[in-house]
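K.L.:
Fold the following, please.
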Amino acid sequence: MDLEKPPARHQQQPAPEGCLVVAIRVPVRIVVFVLVVPVRMVWDALVVAGRFLNDTVLRPVGRALLWLGRAVFVWPFVALWRYLVVPVAKGVGWLGNVLLVVPAVWLYRYVLTPVGHACAWVARGIGAGLGWLYARVLTPIGHAVMWVLKGLGAGLAAIGLGIFGAVAWLLRYLLVVPALWVYEWILAPVGRALVWLVSTVATGIGIALYWIARVLLVLPAQGLYRWVLAPVGRALAVVGREIWDTLGHAWRVAGRISLAVGRFLAGLFRWIFVEPVRWVYRTVLTPVGHFVRDAVLRPAAEAARSVGRATRQALTAARESVRQARADFRRMLFGEPREREAVAGREPRGRETRTLGSSTTALTKD
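P.N.:
Presented below is the predicted three-dimensional model:
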């Protein structure tokens, strides 16, 4: 048995609030509540009116405009595309195929292709001739010319190497060696001294400017931020947070008040207008309608149906009388019609219906 109690959960305690927060909260909430409640009620009324207007006016008008737009803009273009543009395009395509594609294919197949084959055969013959000329004539001549040029180049190279070596030795000992000595023993030490002097002067000037800027700009700005701006910012943050929280609370409370007022007005409208109309409809109009239906409409409907039946019967009798009179007049003029002779049926008759007095077996047949 576990005798140790589980450790209690640490509950977060709300942060303590200062006297400034409490002193600001109450007047701000009163002012904001007085200002927000009318705004919230107007907002809720506008929302209800907007929903009603959207359901009863804007949506039907939008559907009507959509149907009108389709009837005016979409359906004519669809019909134009389907019954005019597409057939015309198909006709133009067929005509282009007959007038352009088929002749072009025929020209390519029976004219250009044979001409191209002939040109290719001629080009292959010319290429073979040029290849023979290059291999048998130009190549030996080129080899001979290259052999002569190689000999001339070798002689000129030997002469040039001697002259270049002498010029290079003179340039080395007259220009390069003195220039290296001047750079190493004169220019390099002077440059290092100048660099050290400039870096020292620049470092001193930078340190002086840093301390001047720190004393004249940074320290006053730091003191202004720490002792003036930070306290003012904290106070403004507290005021702004309280105003924001108060606005949210007042908006929610105003919503509940607006809901209660709306329900009260809806109930008032219901008891003043809807319930009397419903009572009149249920207790007055419905019995009157039933009485009118039972006493007037149904007898009138029965009378109309009987009149219709009598009229149909009279019309049927009149039609039969006319038909009979027409038949009598035809017999009086042309005599009795001849009776048609019965023609034996070419198709075999089907088997008679089986009865109790008939049988299909050979022993019981009559």
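K.L.:
Every contact and neighbour count from this point should use C-alpha atoms.
P.N.:
OK.
K.L.:
where in the stretch 51-200 of the chain is pLDDT low?
P.N.:
By pLDDT under 70, the stretch 51-200 of the chain contains no weakly predicted segment.
K.L.:
all helices for the stretch 1-150 of the chain, in order.
P.N.:
19-53, 59-69, 75-80, 86-96, 102-107, 113-133, 139-171 (DSSP state H, counting those that start in this stretch).
K.L.:
Out of those helices, which one sits most buried?
P.N.:
When the helices of the stretch 1-150 of the chain are scored by mean count of other C-alpha atoms under 10 Å, the highest mean neighbour count falls to helix 19-53 (a mean of 14).
K.L.:
So which of the helices of the stretch 1-150 of the chain is nearest residue 263?
P.N.:
Taking C-alpha to C-alpha, helix 19-53 is the member of the helices of the stretch 1-150 of the chain nearest to residue 263, at 12.0 Å.
K.L.:
of all the helices of the stretch 1-150 of the chain, which lies closest to residue 214?
P.N.:
Among the helices of the stretch 1-150 of the chain, helix 19-53 comes nearest to residue 214, with 36.1 Å by C-alpha to C-alpha.
K.L.:
Quick check, pLDDT for residue 353.
P.N.:
Note for residue 353: predicted pLDDT of 55.
K.L.:
related to what we said a few turns ago, indicate which one of the helices of the stretch 1-150 of the chain is closest to residue 212.
P.N.:
For these, the distance to residue 212 is smallest for helix 19-53, at 40.7 Å, taking C-alpha to C-alpha.
K.L.:
follow-up on the earlier one: identify whichever of the helices of the stretch 1-150 of the chain lies nearest to residue 246.
P.N.:
So among the helices of the stretch 1-150 of the chain, helix 19-53 is nearest, using C-alpha to C-alpha, at 5.5 Å.
K.L.:
hang on, residue 36 packs against residue 250?
P.N.:
Yes - counting by C-alpha atoms under 8 Å, residue 36 touches residue 250, with 6.4 Å between them.
K.L.:
Of all the helices of the stretch 1-150 of the chain, which one is nearest residue 237?
P.N.:
helix 19-53 (10.7 Å).
K.L.:
Figure out the helix or strand that residue 182 lives in.
P.N.:
Take DSSP states H and E as the rule and residue 182 turns out to sit in helix 177-182.
K.L.:
Beyond that helix, next helix or strand please.
P.N.:
Using DSSP H and E, the first helix or strand after helix 177-182 is helix 188-213.
K.L.:
Work out the gap between that following helix and the centre of the chain.
P.N.:
65 Å (C-alpha atoms, centre = their mean, to the nearest Å).
K.L.:
Now do the buried residues in that helix.
P.N.:
Buried residues in helix 188-213, counting neighbours by 16 or more other C-alpha atoms under 10 Å, are absent.
K.L.:
export the helix holding residue 182 as CSV, just CAs?
P.N.:
The C-alpha atoms that make up helix 177-182 are tabulated as CSV, following Å, rounded to 0.1, in the frame of the first residue of the first chain:
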residue,chain,number,x,y,z
VAL,A,177,69.8,43.1,-61.6
PRO,A,178,70.0,46.9,-60.8
ALA,A,179,66.2,47.1,-60.5
LEU,A,180,66.1,44.2,-58.0
TRP,A,181,68.9,45.8,-55.9
VAL,A,182,67.0,49.2,-55.8
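K.L.:
Which elements pack onto it?
P.N.:
Secondary-structure packing of helix 177-182 (3 or more C-alpha pairs under 8 Å, 6 or more residues apart in numbering; DSSP states H and E): no helix or strand packs against it.
K.L.:
Check what contacts that helix and list those residues.
P.N.:
Helix 177-182 has contacts (C-alpha atoms under 8 Å, 6 or more residues apart in numbering) with no other residue.
K.L.:
follow-up on the earlier one: please name whichever of the helices of the stretch 1-150 of the chain is nearest to residue 219.
P.N.:
helix 19-53 (30.4 Å).
K.L.:
Residue 324 and residue 205, how far apart?
P.N.:
Taking C-alpha to C-alpha, to the nearest Å as the measure, residue 324 falls 139 Å from residue 205.
K.L.:
now swap in residue 181 and tell me
P.N.:
Distance from residue 181 to residue 205, by C-alpha to C-alpha: 36 Å.
K.L.:
and of the helices of the stretch 1-150 of the chain, who's closest to residue 264?
P.N.:
helix 19-53 (13.3 Å).
K.L.:
same for the lengthiest helix in the chain, what does it pack against?
P.N.:
Of all segments of type helix in the chain, defined using DSSP state H, the longest is helix 230-269. Here helix 230-269 touches helix 19-53, going by 3+ C-alpha pairs under 8 Å, 6+ apart.
K.L.:
quick one on the thing from earlier: could you point out which of the helices of the stretch 1-150 of the chain sits nearest residue 267?
P.N.:
helix 19-53 (15.7 Å).
K.L.:
So, low pLDDT: which residues of the stretch 251-366 of the chain?
P.N.:
In the stretch 251-366 of the chain (pLDDT under 70), the answer is 335-366.
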